[in-house]
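Enquirer: what's the 3D shape of this:
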Amino acid sequence: MKENVSTNARHLLTHLTVAGAAVLAGSAANAQVTYVPVNQNIGFTGGDVNSLPVSLPGTAYFAFNNQSGSGGPFLYHSVDLSGNQVGFKGPLGPGAKFGSIPMSVWQSRSVAGATSTVGSDIHKRPSAIASTYYAFDFTDSAQGGQTDYGWVETALVDGSYNGLTVDVIGYAYDVSGNQLATGVTSGATVPEPGPGIALAALTAMTLGAAGVRRLKALARK
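Expert: Model prediction:
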C-alpha cells in the first residue's frame, strides 16, 4: 500500500509541475506572438493523418497533405505543404527571417517524397529533416490586410516509400507585422492547456503550499 501511495503522489506531482509550467507560460505571454505545438505525424503509416489544415488569423490558412500518384513505371508518395494567402520559403535552419532569405516564394511544394517501382525504394527526396523550418508570410485580413510572418517546424520521421512520414512539430506567427525568426517562441502566447492540465492546476491551488509539501513527503517514501 505504501508503494502505491508514493507512486500516486509522484504521478500527481508530475502533473502539478506541468500545470505550473503552463500557467507560467501563459502569464509571461506576448499577445503579438502565438506558438502552437502540434506534434502530429502525417504520412502513410498507421496513426498518421492524411491532411493537417492550419488556420491563421483572418482568412489565411495552410495545410499539409499526403499525396500518391504514378508516372510511367513509377509510383510516388509525398507530403505536400500549400497555403491560401500564404507564401513559403524553405527548408531553413533556426534564426532565419522571411525577408532576409534570398530564395523565391512558393505557395505549394512537396516537403518530403519517395518514389518506388514494385514496392522498392529507388529514389528518396526528403527536404524535411530534423528541425527543419519553413518561414512564411500571410495576408492578415484581421489586421486590415497587413502582411504578417511566421514559421512551421517539421521533421522527417521515415523517408521510405511505404512508410513516408513527416512530424509537424509546431508553428508560430507574429501579428505585429514584425518578421519572426524561425524557431523563436520566447514570450509567445500558447493555447490554453487541455482539461488534464487545467484540473492539475486547480488541484495545486486547492492543495496550497502546505498540501504540496505533504505530497512531496509522500512521494519520497
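Enquirer: Which positions within stretch 161-174 qualify as buried?
Expert: Residues of stretch 161-174 classed as buried by neighbour count (16 or more other C-beta atoms under 10 Å): 161, 163-174. Any C-beta I mention is one placed from the backbone N, CA and C, and that applies to glycine too.
Enquirer: can those go into a markdown table with extra columns for secondary structure?
Expert: Below are the buried residues of stretch 161-174 laid out as a markdown table (DSSP: H, G, I helix; E, B strand; the rest coil):
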| residue | secondary structure |
| --- | --- |
| Tyr161 | coil |
| Gly163 | coil |
| Leu164 | coil |
| Thr165 | strand |
| Val166 | strand |
| Asp167 | strand |
| Val168 | strand |
| Ile169 | strand |
| Gly170 | strand |
| Tyr171 | strand |
| Ala172 | strand |
| Tyr173 | strand |
| Asp174 | strand |
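Enquirer: Contacts only, for Gly163.
Expert: Gly43, Phe44, Thr45 (C-beta atoms under 8 Å, 6 or more residues apart in numbering).
Enquirer: Can you spell out the domain ranges of this protein, please?
Expert: The chain breaks down by automatic domain parsing into domains covering 1-29+191-221, 31-189.
Enquirer: comparing those domains, which gets the lowest mean pLDDT score?
Expert: For the domains of the chain, the weakest mean pLDDT is recorded on domain 1-29+191-221, namely a mean of 42.
Enquirer: and Ala181, what element?
Expert: For Ala181, there is no enclosing helix or strand under DSSP states H and E.
Enquirer: ok, it to Val54 distance?
Expert: 19 Å (C-beta to C-beta, to the nearest Å).
Enquirer: Thr115 now?
Expert: Thr115 is 27 Å from Val54, by C-beta to C-beta.
Enquirer: okay if I get the contacts of Gly163 as a markdown table plus distance to Gly71 and neighbour count?
Expert: Shown next, in a markdown table, are the contacts of Gly163 (distance: C-beta to C-beta, whole Å; neighbours: other C-beta atoms under 10 Å):
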| residue | distance to Gly71 | neighbour count |
| --- | --- | --- |
| Gly43 | 20 | 22 |
| Phe44 | 18 | 19 |
| Thr45 | 23 | 13 |
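Enquirer: Closest one of the residues you listed to Ala142?
Expert: Using C-beta to C-beta, Gly43 comes nearest to Ala142 of the contacts of Gly163, at 32.0 Å.
Enquirer: and the gap between the spatially closest residue to the closest one that is not a sequence neighbour and Met103?
Expert: With C-beta to C-beta, 6 or more residues apart in numbering as the criterion, Gly43 has its nearest non-adjacent residue at 3.4 Å, and that residue is Thr165. Distance from Thr165 to Met103, counting by C-beta to C-beta: 26 Å.
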